[in-house]
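Enquirer: I'd like to go over a predicted model; first the sequence, then the structure.
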Amino acid sequence: MIKNKSELINLISNQKDNFPLEKSFYTSQEIYDLDINNILFNQWIFIGHESRIQNKGDYFLFDIGKESIIVIRGDDKINCFYNVCRHRGSHICVNKEGRINKLVCPYHSWAYDLDGKLIKAQMMPENFEKENWQLHKCHSKNFEGLIFINLSDNPDDFNEFIKPTRNFIELHGLNNAKIAFRKTYPTNGNWKLTLDNFHECYHCQTAHPEYCEVHSKDYIQAYGAGNNTGPESLEFSKKLDDWNKKTNKIGYLTGEYSEKKFSNFYRSAERTPFSKNRLSETKNGKPASTLMGYFNEFDGGYTTIGTSPFNSLLMSNDFATAFTFIPRGPMRTDVEIMWLVDKDAVEGIDYNIENIIWMWDKTTIADKKIIEDNQKGVNSKKYIPGPLSEMEKGLEKFKKWYLKTLLKSLK
Amino acid sequence: MIKNKSELINLISNQKDNFPLEKSFYTSQEIYDLDINNILFNQWIFIGHESRIQNKGDYFLFDIGKESIIVIRGDDKINCFYNVCRHRGSHICVNKEGRINKLVCPYHSWAYDLDGKLIKAQMMPENFEKENWQLHKCHSKNFEGLIFINLSDNPDDFNEFIKPTRNFIELHGLNNAKIAFRKTYPTNGNWKLTLDNFHECYHCQTAHPEYCEVHSKDYIQAYGAGNNTGPESLEFSKKLDDWNKKTNKIGYLTGEYSEKKFSNFYRSAERTPFSKNRLSETKNGKPASTLMGYFNEFDGGYTTIGTSPFNSLLMSNDFATAFTFIPRGPMRTDVEIMWLVDKDAVEGIDYNIENIIWMWDKTTIADKKIIEDNQKGVNSKKYIPGPLSEMEKGLEKFKKWYLKTLLKSLK
Amino acid sequence: MIKNKSELINLISNQKDNFPLEKSFYTSQEIYDLDINNILFNQWIFIGHESRIQNKGDYFLFDIGKESIIVIRGDDKINCFYNVCRHRGSHICVNKEGRINKLVCPYHSWAYDLDGKLIKAQMMPENFEKENWQLHKCHSKNFEGLIFINLSDNPDDFNEFIKPTRNFIELHGLNNAKIAFRKTYPTNGNWKLTLDNFHECYHCQTAHPEYCEVHSKDYIQAYGAGNNTGPESLEFSKKLDDWNKKTNKIGYLTGEYSEKKFSNFYRSAERTPFSKNRLSETKNGKPASTLMGYFNEFDGGYTTIGTSPFNSLLMSNDFATAFTFIPRGPMRTDVEIMWLVDKDAVEGIDYNIENIIWMWDKTTIADKKIIEDNQKGVNSKKYIPGPLSEMEKGLEKFKKWYLKTLLKSLK
């Protein structure tokens, strides 16, 4: 148990470079609560795609921590509300999704319009003023069809946040997409242990035959978990240079982004070539659906983006795999994936779900097992962080950002 | 987490008039533990009816908190014992109910008579004196067939406690009744959230079509959760006056009781007329069983009694609905209902169970859902108590009594 | 909740002679954690038999507290390792048992030989030295085929530990045995409540007809839970003397051992005669399998050994019943039993499993129920330790050792 703030500050400063975190960061309830309130709730995270709520009044619920967020399409925009009636606090929406024309609390029928304004409350005292009792809005932004929320009361500026990844995302036309498939992978591991796994590809050769079938060995070494996560590969650098030139010539975006100095944001992006003649992240390398966004032809490239530790986008020219990592407890994380295709693509004709989800479904199932076995060992009194390999720089980077962010939040 | 007594005292004094309680009262383990030990365990609560144990040696178990209470019929009275052997502490009765002629511990066969006296313990040291090791009695009282217990070591005087509701209860002849049906409604909500729901009828129109079918709109507004729980209704006052006169003339009790000053007790009682020509709390308003107690004819009246926050009796002339609210955890409450009819009424001939339980079964199922959705919203960081309506005065009254009682117990 | 060390020391010193422990010793998480770390983890406990892993590379896992121990046969001996990779802490073995030729972590393929030496770790930095990253060994000892482990970093000397029970164990040839059957009895009771039950035979007459069928009344009174656990029985003393003489004459070990002064060890052993003409601990008293160890003929004796509170061996001439008591939580204990027979005995011909397990399977199922009902009563606020009988001296002895050991560990 972490007894007080100074003990935790000490613990943070004792973490060794190039070693993973010590046990309590992966097990303690106290640190978990800080993670949620001081880190997760200060991040912009995307939690869905607008195609899920196409008509006015369509909504779905997103649960996070003890919060339930109503994501609902209003007259001209999507609104996000805390699912808490201003009267006695009841949940207002009690189904996972649906369509309504106003938000009526099932307890006493207090009714709010789709902008959250209280429009009906019977039998109230004379001095009661409806305008003081609007639904609590959750900060949100629909960017390219991705619905971002921020549970802070003073969120960072969205435009500043999205700036470095904006071009990479826009390239793929997600604002013209639809959800082909969604799946949740409940994982019995701390959220940071889950992300440690996602931030290194040292384990790929051991654990992910599907990933290694699609991606070349030199890519995996150098870029497997993003730029600067592995040792340089001259072989891959050469391929990347060639591909950049060719791709620039046909006019598509290339390049990469990673954070240079510490801030509240933890973002990355890059475009890299698939190996050989692959066009898409599928078993046989052939396209899985129709082209999306700016693409008029397949450029053989792969776009990988992290908008925060809690979200990643891995995109071929014809479909996107979008991850949301949702902490659920000190030793429990939900990994939610949605696969997006062009909104006009037709299932069974233009795309098959099996084909699209093949790699990341298999890979995430394998990772779930790995992370759970890792958590079990980390719980031991004999767990002592061991030295990181050359291919785990992504994990080290994430760890440093995490420790600094947590430390900052304590001050 | 509530860190200490002074923090809690502050919290208590910060609760606003005419607003529900703040979050921690509905969620914290610390406050829950105080509620159980300082409030629940100081109340007289009825937990069953004597008709369940008609013969000598008949018993049933009642669980509350970490306690199991043996309710058993002895030679000439009903005894209640803590289900704890005086030797090594084993439960003595391990079945939910049964008939026995002595209480024999299944571990080492220590045996007690039906008055709790130790009558056998083998192989004990020479200086062992049986008379020092009687079963721990739980204070109890059989009043009108209702079995009341009190888990305090120094309970309030029962006669003082029962005085203001005595006449209302006696009118209905529960000492000549039997249980027609029993049912438990496990509810994932704090006990106070559960009682908040029971102490107002503001939600009745939204949530309880059955209740609104049986009871008139003017009654619901004025008396729906008891006297002084809603705004006055001239219409209903008129009806009540007329009915009182008529009923007094035929010689039955009328009137109402509510606490005028603060004490350890929280009681209420009243007799009111049903709407139109209804005679009983049934779907069609027709009698559901044979007349009980002092009634020789149906008087069209309805008796509602609260003996403590944890018990209510809602009675027609021909059957009674008896509630026990049992806290089971910070966010868990069991609502137990037993329906009582005259002991000579014959099922299938004089009464049908379906008919009798119709309204409160449907209503309690609906309330369970409402309370659970309320609890989910109250868990949010955005839950802030909102203003109470004119129809939630019963909830406000209960809250004030609760806060005063808790505060007193801390001193 | 135990607030601090001095409060606990007070509590320890307040425990009364000849009464069982007070409630918190059976319920508190804090005391449970101390029990595990300060007591259980300082004991030599046997957790299996070598016949389970006959070939090089055969292993099984043993879970205890938050630890998973790999028990594996190496080149020339059995090794026990903490199941924690030295890299990022993953479990290395993820199946309950199996055969492997090296220990390869499923996460990043770090590989260890069967002695725990790291033999492969790819892509590590230049200054990385494999020899610094061996698997954490768990102290272990294969004695007579019984695999003992000790989770302390500075375990007591094994030879000193085993000395007083050595001859009793060796007599039975367990090093030439095999496991006939294994079974786990999950019991919802504190480990000390579970052992209290095992350390007295006061309850045998009430609860264990099978035990009372096999063992005579005078034995049960005097020796039912080991020597000095009940009042003397002249009748049994006489039988024992006669049997000792007869048995010494044919050359087999007799006698008994119990701790005379306080130490870290809590051991006992004795040889006693079965009643009448019984030869084995079976329903009809007839042999259940072929003779084991030094026995060339049945001597009508029964050997009972406790090597620590967490292990017991109850042995006939032809089979052994071996107990491991594994605390799993403040109110949860697993009782694991393995039945051992001579390794050359053939199932169906020389022995039947049903016959061998009959008494202790039935008895342990009964004890599970007894202990669980005891725990329920102990949770009550009315549980106060009661006086112990003449037949509960074993429980008193165990309690004293426990309290002294806990006290010592706090200093």
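Expert: Done, it's in.
Enquirer: quick one, phi/psi of the residue nearest to A:Pro125 when sequence neighbours are not counted?
Expert: In space, and not counting its chain neighbours, A:Pro125 is closest to B:Glu390: 6.3 Å by Cβ to Cβ, 6 or more residues apart in numbering or on different chains. Using the backbone N, CA and C atoms, a C-beta is placed for each residue, glycine as well. In terms of degrees, to the nearest 10, the main-chain angles of B:Glu390 are phi -60, psi -20.
Enquirer: where in the stretch 1-150 of chain A is pLDDT low?
Expert: Residue ranges of the stretch 1-150 of chain A with pLDDT under 70: A:1.
Enquirer: Would you point out which residue of it is nearest chain C?
Expert: Residue nearest to chain C within the stretch 1-150 of chain A: A:Pro20 (5.3 Å; Cβ to the nearest Cβ).
Enquirer: how about that residue, what does it touch?
Expert: Residues in contact with A:Pro20 (Cβ atoms under 8 Å, 6 or more residues apart in numbering or on different chains) are A:Asp196, A:Pro385, A:Gly386, A:Leu388, A:Leu395, A:Lys399, C:Arg88, C:Gly89.
Enquirer: Just say helix, strand or coil for it.
Expert: Under DSSP: H, G, I helix; E, B strand; the rest coil, the three-state class of A:Pro20 is coil.
Enquirer: distance of it from B:Phe161?
Expert: From A:Pro20 across to B:Phe161, the span is 63 Å (Cβ to Cβ, to the nearest Å).
Enquirer: One more: A:Lys66?
Expert: On the measure of Cβ to Cβ, A:Lys66 and B:Phe161 end up 39 Å apart.
Enquirer: A:Asn14 now?
Expert: Per Cβ to Cβ, A:Asn14 is found 60 Å from B:Phe161.
Enquirer: Any idea how many residues pack against A:Leu253?
Expert: A count of neighbours around A:Leu253, defined by other Cβ atoms under 10 Å in any protein chain shown, yields 17.
Enquirer: Contact partners for the closest residue to it other than its chain neighbours?
Expert: Excluding its sequence neighbours, the residue lying closest to A:Leu253 (Cβ to Cβ, 6+ apart) is A:Leu171, at 5.1 Å. By Cβ under 8 Å, 6+ apart, A:Leu171 lies in contact with A:Tyr252, A:Leu253, A:Gly293, A:Tyr294, A:Phe295, A:Thr303.
Enquirer: Ramachandran angles for A:Leu171?
Expert: Main-chain dihedrals, A:Leu171, degrees, to the nearest 10: phi -50, psi -30.
Enquirer: same question, A:Thr229
Expert: Main-chain torsions, A:Thr229, degrees, to the nearest 10: phi -100, psi -10.
Enquirer: just A:Phe323 next, same as before
Expert: phi -110, psi 140.
Enquirer: Distance check, the most centrally placed residue in chain A against chain C.
Expert: Centroid-nearest residue in chain A: A:Asn311, 1.5 Å away (criterion: Cα atoms, centre = their mean). Distance, A:Asn311 to chain C, by Cβ to the nearest Cβ, to the nearest Å: 23 Å.
Enquirer: Give me the pLDDT for that residue.
Expert: Among the per-residue scores, A:Asn311 holds a pLDDT of 98.
Enquirer: residues in contact with it?
Expert: Listed by Cβ under 8 Å, 6+ apart, the contact partners of A:Asn311 are A:Ile45, A:Phe46, A:Ala322, A:Phe323, A:Thr324, A:Phe325.
Enquirer: just those residues now: which is nearest B:Val341?
Expert: Nearest to B:Val341 among those: A:Thr324, at 56.4 Å, using Cβ to Cβ.
Enquirer: Phi, psi for the closest one please.
Expert: With angles defined as degrees, to the nearest 10, A:Thr324 sits at phi -130, psi 120.
Enquirer: Bridge partners for it, pull those for me.
Expert: According to DSSP bridges, the residues that bridge with A:Thr324 are A:Asn311, A:Glu336.
Enquirer: Number of residues surrounding it?
Expert: 20.
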